[in-house]
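> Everything below, folded, please.
(one chain, ligands or ions: 1)
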Amino acid sequence: MKFNILTLFPEMFTVLESSILGRAKSEGKIEINLINIRDFSKNKHKKVDDTPYGGGAGMVIRPDVVYDAYNSIENKKAKVIYLSPQGKTLTQKKVKELSLENEITLLCGHYEGIDERVLEKIVDEEISIGDYVLTGGELPAMVLIDAVSRYVDGVLSKGSVLEETFSNNLLEYPQYTRPEVFMDMEVPEVLLSGHHKNIEEWRAKKSLERTKLKRPDLLENRII
Ligand code: 4FD
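Sure, this is the predicted structure:
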């Protein structure tokens, strides 16, 4: 999976070098192509924004600069996603759908905003990661990349994608490891029994119990 990222702050994406995504990158399972919008400024001071027509506070990113940055991307067929608080909320279902693409372009805006005309021209989908406002679209872009990459073949160990929270609209069962007793609290006996069917049943029960307690809304909107 290839991600093209249009941003004014490419250095923020160095966090994708760590952990699971870092490995996925070095193994060639995901590719991150950073495009610095500022490189496409025709201004001698590398200015990319200007005052808003109609007045008001702040600045607006010029459409021509964003368009030229977009045009430098080889594959124009890649879906363009604009990260914004006005977008449709990202869900696990949407994440799965996006993981079927082979290339995605992410446009990171700022509180000041991008000229509407270039958004009309190049954006296919507007996505929000939740109902709160951030200073830029970079963190939402990274959230999307992380969530989508987990579904890319070979990024996670087998099994972990299938069993997880939300894949069946249920929360995960509790996990335990050594020591067998921690501050007087014992590991549930069934997990030490080696009885696979009982363990499976206990985990299913715990999943349902936890979902009822912590996220009853997930059960109301259940598909199965
Ligand atoms: N909830 C989100 C995305 C971006 C953002 C921005 C317009 C503000 C939150 C376009 C306004 C981008 C989100 C940058 N804040 N801030 O996904």
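> Output the strand ranked longest in the chain as CSV - backbone C-alpha positions only.
If you go by DSSP state E, the chain has its longest strand at strand 79-89. The C-alpha atoms that make up strand 79-89 are tabulated as CSV, following Å, rounded to 0.1, in the frame of the first residue of the first chain:
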residue,chain,number,x,y,z
LYS,A,79,-8.1,8.3,-4.1
VAL,A,80,-7.6,11.7,-2.5
ILE,A,81,-8.7,12.0,1.1
TYR,A,82,-8.9,15.4,2.8
LEU,A,83,-8.6,15.1,6.6
SER,A,84,-11.0,17.6,8.2
PRO,A,85,-13.4,18.0,11.1
GLN,A,86,-16.2,18.4,8.5
GLY,A,87,-15.6,14.9,7.1
LYS,A,88,-17.4,11.6,7.7
THR,A,89,-16.2,10.0,10.9
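> Check which helices and strands the following helix or strand past that strand sits against.
Scanning the chain past strand 79-89 towards its C-terminal end, the next helix or strand to appear is helix 92-98 (assignment: DSSP states H and E). For helix 92-98, the contact count by 3 or more Cβ pairs under 8 Å, 6 or more residues apart in numbering; DSSP states H and E identifies helix 138-149 as packing neighbours. Every residue, glycine included, has its C-beta placed from N, CA and C.
> what's the closest non-adjacent residue to G22?
When the adjacent residues along the chain are set aside, G22 lies closest to L16, with 6.9 Å between them (Cβ to Cβ, 6 or more residues apart in numbering).
> Which residues are in contact with that neighbour?
Under the criterion of Cβ atoms under 8 Å, 6 or more residues apart in numbering, the neighbours of L16 are G22, K25, I32, M142, I145.
> and it, what pLDDT?
As summarised for this prediction, L16 has a pLDDT of 96.
> for K77, same thing?
Per the predicted model, pLDDT is 96 at K77.
> Could you pull up the residues touching it?
Neighbouring residues of K77 by Cβ under 8 Å, 6+ apart: E103.
> quick one: the helices in the protein?
Under the criterion DSSP state H, helices of the chain are mapped to 19-26, 63-71, 92-98, 116-122, 138-149, 160-163, 196-214, 216-220.
> how far out from the middle of the chain is the fifth one?
In terms of Cα atoms, centre = their mean, to the nearest Å, the centre of helix 138-149 is set 3 Å apart from its chain centre.
> I appreciate the help and will end here.
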